[in-house]
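> Just need the structure, nothing else, for what follows:
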Amino acid sequence: MSFGKMNTFIDVISTAPAKDAEGFAAETDTILASVRAYKEDRHGSERWSNMAVFSTASSLFRFRKIPNLEITAGMIITCAEGRYRILSAEDVRGRGMYIEVLAERLEPSVR
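Take a look at the predicted model:
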């Protein structure tokens, strides 16, 4: 993966419920990392058809492994195009250099 292809700036976010001053629960976002990533949207290629298990995945992100941070399903990725829920994260070729994430775009419920 060349550095030139990683031209999308992303934030890896963890969400957790927290109580506000009045005692109501609300979701709070905590930015865990801000990195550059390669982003590929879903299209009709052979590679995407082979990943039929992840039929809800709409985008693929690939970025360098972040030291001391475990990327797990349920975390959120934000970029200029919107928010994405991580469905799966795996080490590319088991070398510990890059992480490949399949994610589903989150659509806002109210506009």
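
> By mean pLDDT, flag the weakest helix or strand of this protein.
Within the chain, no helix or strand scores below helix 46-50, which has a mean of 57 by mean pLDDT, DSSP states H and E.

> Parallel or antiparallel, list what pairs with the next helix or strand after that one.
Remark: after helix 46-50, the chain's next helix or strand is strand 59-64, criterion DSSP states H and E. The strands beside strand 59-64 in its sheet (DSSP bridges) come out as strand 25-41 (antiparallel), strand 98-106 (antiparallel).

> which helices and strands sit right next to the following helix or strand past strand 59-64?
Later in the chain than strand 59-64, the nearest helix or strand by DSSP H and E is strand 76-79. With contacts taken as 3 or more C-beta pairs under 8 Å, 6 or more residues apart in numbering; DSSP states H and E, strand 76-79 sits against strand 8-19, strand 25-41, strand 82-91, strand 98-106. Where C-beta positions appear, they are placed from N, C-alpha and C, glycine not excepted.

> Tell me which of these sits nearest to G74.
With C-beta to C-beta as the measure, strand 82-91 is the member of the helices and strands packed on strand 76-79 nearest G74 (6.6 Å).

> Any chance you could list what contacts that closest one?
Strand 82-91 is touched from outside by 54, 56-59, 61, 65, 71-78, 98-106, with contacts defined as C-beta atoms under 8 Å, 6 or more residues apart in numbering.

> go with 10 Å
Outside strand 82-91, the residues that touch it by C-beta atoms under 10 Å, 6 or more residues apart in numbering are 10-13, 15, 29, 39, 51, 53-54, 56-59, 61, 65, 70-78, 97-108.

> So how do I select the buried members of these in ChimeraX?
Here is the ChimeraX command that selects only those of those that count as buried (16 or more other C-beta atoms under 10 Å):
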select :10,12,13,39,57,58,59,61,71,75,76,77,78,98,99,100,101,102,103,104,105
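
> quick one: the nearest residue to T56 once chain neighbours are set aside from T30, how far?
Computed as C-beta to C-beta, 6 or more residues apart in numbering, the closest residue to T56 that is not its neighbour in sequence is E104, at 5.0 Å. According to C-beta to C-beta, to the nearest Å, E104 and T30 sit 20 Å apart.
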